[in-house]
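> kindly generate the corresponding structure for this input.
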Amino acid sequence: MQIVDLRAEHCMNLGTLVPVHSGYQMTPDLAVELESIGGLAALDNGKTLAVAGVLPDWRACGTAWAWLGRGWRKHARAITSAACIHLDLSPLRRIETAVRCDFEPGHRWAERLGFTLETPCARSWGADGRDYSIYVRVRES
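Residues are numbered from 1 along each chain as shown. Take a look at the predicted model:
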């Protein structure tokens, strides 16, 4: 397994996503946009297992995102470590991420990535109309 800089083709080659991503669609335009912003991809024998990054929202804040393909859990420890390093290297003071309220593995992963729960239940927060919990990482100056 290797961690590489994100490229659009990594996004498009994710294959089958874990069920929590159902209802979301990676498009070529989105893949190009994510590559331009930067991030990381986890590859195993040329197969994309996961893509992740941070979208800058405004001057010192951003939103962490990740799309996970089936098979990523085999390399979860290495992918989590790489994601933590990526987050640590971000110049942003505040990074947020959202986890569907009913998706317990996502809550555990957010905490392993160093996020702290800020909003337990933001009602109808997601584009899918579901409730999400908001987690944050804040770099103290």
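> could you pick out the longest helix of the protein?
Ranked by residue count under DSSP state H, the longest helix found in the chain is helix 76-89.
> tell me which element G114 falls in.
Assigned by DSSP states H and E, G114 belongs to neither a helix nor a strand.
> with the one 4 residues further on instead?
Using DSSP H and E, the element containing E118 is strand 116-122.
> angle of whichever helix or strand comes after that strand against helix 76-89?
As assigned by DSSP H and E, the chain's next helix or strand after strand 116-122 is strand 132-138. Strand 132-138 and helix 76-89 are oriented at 60 degrees to each other (axes from the mean of the first three to the mean of the last three C-alpha atoms, to 10 degrees).
> what pairs with strand 132-138, and is each one parallel or antiparallel?
Strand 132-138 has its sheet partners listed here by DSSP bridges as strand 94-100 (antiparallel), strand 116-122 (antiparallel).
> show me what that strand is in contact with.
The contact list for strand 132-138, computed with C-beta atoms under 8 Å, 6 or more residues apart in numbering, reads 64, 87, 93-101, 107, 110-111, 113-122, 125-126. The C-beta positions use only the backbone N, C-alpha and C, and glycine is treated the same way.
> before we move on, what about stretch 5-12?
4, 26, 28, 30-32, 34-35, 38-41, 43, 48, 51-53, 67.
> so which of these sit within helices?
P28, L30, A31, V32, L34, E35.
> tell me which element the closest residue to the second one other than its chain neighbours is part of?
Pointing back at L30 there. Counting by C-beta to C-beta, 6 or more residues apart in numbering, the nearest residue to L30 once its immediate chain neighbours are dropped is C11, at 7.2 Å. Per DSSP H and E: C11 is located in helix 8-12.
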